[in-house]
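1. return atomic coordinates for the entry below.
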Amino acid sequence: MSNTTSEIRKKIRTGEWQKPTTGLAPGYTQTNVVILPTKYAYDFLLFCVRNPKTCPLIEVTDEGSPVPKKTAPNADIRTDIPKYRIFKQGELVEEVTDISTYWQDDFVSFLIGCSFTFEKPLLDNGIPIRYIQENKNVSMYQTNISSEPAGIFQGPMVVSMRPMKPDEAIRATQITSRFPSVHGAPIHIGDPAAIGIKDINQPDYGDPVTIYDGEVPVFWGCGVTPQAAVMASKTDFVITHAPGHMLITDVKEEAHAVI
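-> Have a look, this model is predicted:
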């Protein structure tokens with residue numbers, strides 16, 4: 001597959017790529033996406049502002065526009081994500097690869113930073129990423145940590161997990177802390193039960209990955225958290241990306257790095 005962002009989006013748009021986007025377009029920013037009617041937009045914006053570890057905002061589109069003008073001006077949010085989720089009354093009712101027929105003139109799209117963006121810096125520093133090695137989606141878990149409520153939105157924090165050796169976990173913390181707009185440093189390292197995860201081998205979203213002897217699970221805030229908030233708030237109609245199936249933007253990952 002071509003590594004240019006526009007070519008990757010074209011392959012997604014035509015249905016040639018319908019899998020998770022991990023490992024695609026290394027060095028470029030990937031985003032979670034939440035699409036909802038304007039009547040919910042302020043509450044959701046406030047939810048993101050109050051929960052920056054899990055919902056770091058990259059861009060908010062104009063009302064009714066499917067184009068993320070700031071981050072991918074040639075993209076179309078209706079077609080350029082490999083898989084979408086349709087929620088009605090807080091219930092997941094369908095997964096689709098194109099939302100053109102669902103689009104409404106009052107939709108506002110929120111692009112939220114994704115930890116796939118810091119895959120390249122980790123790999124460049126010799127830190128292996130197990131789900132890439134095993135050709136799987138990242139493991140994601142619902143925790144017992146509550147998000148900060150905002151308006152109608154509330155719910156548990158969702159985290160993504162990468163197993164590492166302890167020295168790699170320290171280095172990964174240093175690396176990812178430079179990228180606060182794509183979840184930043186881990187929120188927890190070690191015992192999954194401490195954050196309410198009963199079985200590390202049974203993720204709530206994504207795929208289980210191998211954890212070798214001597215490795216520890218390292219957990220980052222995850223942009224699937226808004227989906228948990230959508231389900232808890234029972235909003236009448238919301239569209240999101242399917243976990244692991246992101247929008248690939250034209251923005252270099254280094255644009256989000258802080259010194």
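2. can we go C-alpha only for contacts and neighbour counts from here?
-> Fine.
3. how far does stretch 139-153 stretch from start to finish?
-> End-to-end span of stretch 139-153 (Cα to Cα, to the nearest Å): 24 Å.
4. can you mark which positions in that stretch are buried?
-> Residues of stretch 139-153 classed as buried under the neighbour-count rule (16 or more other Cα atoms under 10 Å) are S139, M140, Y141, Q142, T143, S147, E148, P149, A150, F153.
5. so which residues of the stretch 51-200 of the chain form helices?
-> 119-124, 130-133, 166-176 (DSSP state H, counting those that start in this stretch).
6. for the shortest one, which outside residues touch it?
-> Outside helix 130-133, the residues that touch it by Cα atoms under 8 Å, 6 or more residues apart in numbering are T22, G23, N137, V138, S139, R162, P163, V209, T210.
7. gap between the first one and G90?
-> Distance, T22 to G90, by Cα to Cα: 27 Å.
8. what about D167, how many neighbours?
-> 10 (other Cα atoms under 10 Å).
9. also K70?
-> The number of residues packed near K70 is 13, by other Cα under 10 Å.
10. wait, K252 sits on Y28?
-> Yes. Between K252 and Y28 there is a contact at 4.4 Å, judged by Cα atoms under 8 Å.
11. neighbour count winner among these two?
-> Shown here are K252 and Y28; by other Cα under 10 Å, Y28 has more neighbours (23 against 16).
12. most widely separated two among the buried residues of stretch 139-153?
-> Pairwise distances across those peak at 26.8 Å for S139 and A150 (criterion: Cα to Cα).
13. ok, so what distance separates the nearest residue to A185 once chain neighbours are set aside from I77?
-> Distance criterion Cα to Cα, 6 or more residues apart in numbering; nearest residue to A185, sequence neighbours excluded, is S177 at 4.3 Å. Per Cα to Cα, S177 is found 29 Å from I77.
14. neighbour count: those two, which is higher?
-> I77 (24 against 18).
15. how about H241, nearest residue that isn't a chain neighbour?
-> In this structure, H241 finds its nearest non-sequential neighbour in Y84, 4.4 Å apart by Cα to Cα, 6+ apart.
16. cool, N144 as well?
-> G196 is the one closest to N144 (Cα to Cα, 6+ apart), at 4.8 Å.
17. now that neighbour: phi and psi?
-> Backbone torsions of G196, given as degrees, to the nearest 10, read phi 90, psi 10.
18. ok, back up a step: reformat the helices of the stretch 51-200 of the chain as a markdown table; add distance to I35 and mean pLDDT.
-> Below are the helices of the stretch 51-200 of the chain laid out as a markdown table (distance: least, Cα to Cα, whole Å; pLDDT from 0 to 100):
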| stretch | distance to I35 | mean pLDDT |
| --- | --- | --- |
| helix 119-124 | 25 | 92 |
| helix 130-133 | 27 | 94 |
| helix 166-176 | 27 | 96 |
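19. nearest to D236, out of those helices?
-> The closest of the helices of the stretch 51-200 of the chain to D236 is helix 130-133. By Cα to Cα, the value is 34.0 Å.
20. buried set for that closest one?
-> R130, Y131.
21. please apply the same query to stretch 102-117.
-> Buried, per 16+ other Cα under 10 Å, within stretch 102-117: W103, F107, V108, S109, F110, L111, I112, G113, C114, S115, F116, T117.
22. can you flag which of those residues belong to strands?
-> Mapping those onto strands (DSSP state E) picks out F107, V108, S109, F110, L111, I112, G113.
23. count the residues that sit near the residue lying closest to R162 once chain neighbours are set aside.
-> Leaving aside its chain neighbours, R162 sits nearest to V218 (5.3 Å; criterion: Cα to Cα, 6+ apart). When neighbours are defined as other Cα under 10 Å, V218 has 26 of them.
24. let's verify V218: helix, strand, or coil?
-> strand (DSSP: H, G, I helix; E, B strand; the rest coil).
25. wait, doesn't it sit right on D167?
-> No. At 11.7 Å, V218 and D167 do not qualify as touching, with contact defined as Cα under 8 Å.
26. no further queries at this time; thank you.
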